[in-house]
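Novice: mind looking at a prediction? Sequence and model below.
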Amino acid sequence: MSEEASGLDKLGVPIVLLSATWGGFDVVLKSIEMQNHYRDTVTSLANRVTPEEWMTIFWSDWLPLWIGTTLFLFIFTIVIWQIPGILRPTSHGYALQKRLCRIATALPAFAFCGSFIGGIVDIRVFWDARHVILSNV
């Protein structure tokens, strides 16, 4: 029984981290879905909205959501990366815990990179839609 308990002690923190990563990532996916919805709304309505409406959608809806999502992913990545520093290096399973934390860091790190690059591309889409709107006025 004590061997089984020590095995759970070795994996306890990384398992909690993986669960937290999964839970946090669900929220991020919902916000990315909302970002895509706002972007698609602007591009599909480019001929029917005024420049003021376009600015409202961009500055009030999409941009804060993108910045918040990207910032959350960046902070979440840093926190998970730093978790092994909080653990006691003298524990028997420290190397395994550290390795699992580094693996758990990969998901939010890739999501951060994708959100950042995708947001830059979407800003270009917004600017192109803005030029269409301004040319129709």
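Specialist: Right, received. Where do you want to start? Numbers count the residues shown, from 1 in each chain.
Novice: what ranges do the helices span in the protein?
Specialist: Along the chain, counting by DSSP state H, helices occupy 2-44, 51-56, 63-86, 94-136.
Novice: mean pLDDT for the ones you listed: which is lowest?
Specialist: Note on the helices of the chain: lowest mean pLDDT is at helix 2-44, with a mean of 69.
Novice: what would the helices of the chain look like in JSON lines with mean neighbour count?
Specialist: Yep, even glycine has a C-beta here, placed from its N, CA and C like the rest. Shown next, in JSON lines, are the helices of the chain (neighbours: other CB atoms under 10 Å):
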{"stretch": "helix 2-44", "mean neighbour count": "14"}
{"stretch": "helix 51-56", "mean neighbour count": "13"}
{"stretch": "helix 63-86", "mean neighbour count": "16"}
{"stretch": "helix 94-136", "mean neighbour count": "16"}
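Novice: if I look at the residue nearest the centre of the chain, how far off is Gln35?
Specialist: Centroid-nearest residue in the chain, with CA atoms, centre = their mean: Leu73, separated by 3.8 Å. Remark: distance between Leu73 and Gln35 (CB to CB, to the nearest Å) = 13 Å.
Novice: try Thr105
Specialist: For Thr105, the distance to Gln35 - CB to CB - is 23 Å.
Novice: before we move on, back to that, find the nearest non-adjacent residue to the residue nearest to the centre of the chain, please.
Specialist: Phe112 (3.8 Å; CB to CB, 6 or more residues apart in numbering).
Novice: quick one: the one you found and Phe74 touch, right?
Specialist: Yes. At 5.3 Å, Phe112 counts as touching Phe74 under the criterion of CB atoms under 8 Å.
Novice: still on that earlier bit, tell me who's in contact with the residue nearest to the centre of the chain.
Specialist: Leu73 makes contacts with 28, 108, 111-112, 115, as judged by CB atoms under 8 Å, 6 or more residues apart in numbering.
Novice: can you redo the residues you listed as CSV with distance to Ile80?
Specialist: Listed next are those as CSV, based on distance: CB to CB, whole Å:
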residue, distance to Ile80
Val28, 13
Pro108, 7
Ala111, 12
Phe112, 11
Ser115, 16
